[in-house]
Each structure stands twice: as structure tokens, then as C-alpha cells.
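Student: What would the 3D arrangement of this be:
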Amino acid sequence: MVRPHPRRTGLGGLAVFAGLAGLLLATGRAAADSPAWAEKAFPLRPGVVFVKASFLTGELDGLKVVERVDQGTGKVVRGPVLEATLTVTNGSRDQAARLLGGKIEYIDGAGRLIPMTGNSFVFASETPDRLDPGRSVSQPVRLAFPPSALQPHGLREVSVELTYLPIPYKTDTVYVPVYIGG
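Tutor: A predicted model of the protein is given here:
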């Protein structure tokens, strides 16, 4: 009886395993390349909303609601999400601000607040520690959106609340007497 060398059997088994793993990875990549869902976008009008909080002004630009839908069944896979870009500008001449976060609330067609969770945001860590006078900062905002607001007359307005700490900002001029000569 001829017995195969143990090392050759191990390498042959390893080659078969590697081939099967490669086949599975290729199949997984093909499935990942073609998702079974599609994103459905609902632009909000107006597309730009202007906000003002004390000496800070800003705008929410590119307002839209996006939900993920199964292509085969048409069922919602991920609930609606509000997407926009928030830009905040410090219009003060003598105050800086530390931007902390904010909240967006949704008002229905009858003027009532739509109760929601997940509608708060914080400013990203890449945002400067403080917003000096005349400066601006932008960041994307992605928040939960109430499904009931997608119905006709389901949404009348949004309320934007900014949370910040005002920081006194003062420039001063010092006059120093000088003279030429000795």
C-alpha cells in the first residue's frame, strides 16, 4: 500500500481550500457590486433654509430626504433621513463662539411638533474650537426624518436650534511713545 506523503496532502488540501475561498470572495464581491436596494430622494423646497441665532447666521443647503428601498419588493429597508449641509457664519465684530451642536425639529401641517428621537447633532471634531468674527464653518448633517412627514401636507416647516457658547472677543490697541535719537 502506498501512502501519500503527509506534507503533500497538507499542501493539496491547502490549495483546494484557497481555491474555494477565492471563489467565495469573488461571489461576495459580485453581490456587493450590485446592491439589492436603491436610494429614493425627496428634495425639500426651498432647497436652502436660512437660520439666525443671535450673532450667528447660517444656512441649511441641499435639503433632501433619502430613504433606502428594496429593488425587488419596493419595501423601505432604511427609514427616511434628512440630509443637508449646515454652514454657520459669525457676523459679530467682538464675539467668538464655540459651536457645540444643534437640533432639528419637524412641524406637521397642523402646526404641531412631530415627536422624534435622533434629531440632534454635534459639530464634528474637525470643526475649529471656536468660530471667530467673520469666519464660517460647514458640515454635513444627517438626521432621522419622520415617515409621517413624507405624506401630503405632513410637513409644514423645520425648526433649527443651534447650541453654542459665546466667547468675548476683544481687540485692543496700545500706543507706545517712541523717539528717534539718543
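
Student: so how far is Ser54 from Pro140?
Tutor: In this view, Pro140 and Ser54 are 24 Å apart by CB to CB, to the nearest Å. Just so you know, the C-beta spots here come from the backbone N, C-alpha and C atoms, and that holds for glycine as well.

Student: domains in this structure, as residue ranges please.
Tutor: The chain breaks down into these domains under automatic domain parsing: 1-34, 37-168.

Student: which of the ones you listed sits most buried?
Tutor: Of all the domains of the chain, domain 37-168 carries the top mean neighbour count, a mean of 15, counting by mean count of other CB atoms under 10 Å.

Student: Is the residue lying closest to Thr85 once chain neighbours are set aside in a helix, a strand, or coil?
Tutor: Of all residues not flanking Thr85 in the chain, Asp61 sits nearest, at 4.9 Å (CB to CB, 6 or more residues apart in numbering). Asp61 falls in the strand class when you classify it by DSSP: H, G, I helix; E, B strand; the rest coil.

Student: Now tell me which helix or strand of the chain has the poorest mean pLDDT.
Tutor: Here the helix or strand of the chain ranked lowest by mean pLDDT, DSSP states H and E is helix 6-33, holding a mean of 48.

Student: For the following helix or strand past that helix, what does the pLDDT average out to?
Tutor: Later in the chain than helix 6-33, the nearest helix or strand by DSSP states H and E is strand 37-43. Averaging pLDDT along strand 37-43 gives 89.

Student: For strand 37-43, what is the distance to the chain centroid?
Tutor: When distances are taken as CA atoms, centre = their mean, to the nearest Å, strand 37-43 is centred 16 Å away from the chain's centroid.

Student: Which strands border that strand, and is each parallel or antiparallel?
Tutor: Sheet pairing of strand 37-43 (DSSP bridges) gives strand 56-70 (antiparallel).

Student: Mean pLDDT lowest where, among the domains of the chain?
Tutor: Comparing mean pLDDT across the domains of the chain, the lowest value falls on domain 1-34: a mean of 47.

Student: Make a markdown table from the domains of the chain and add distance to Gly181 to it.
Tutor: Formatted as a markdown table, the domains of the chain follow (distance: least, CB to CB, whole Å):
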| stretch | distance to Gly181 |
| --- | --- |
| domain 1-34 | 80 |
| domain 37-168 | 39 |
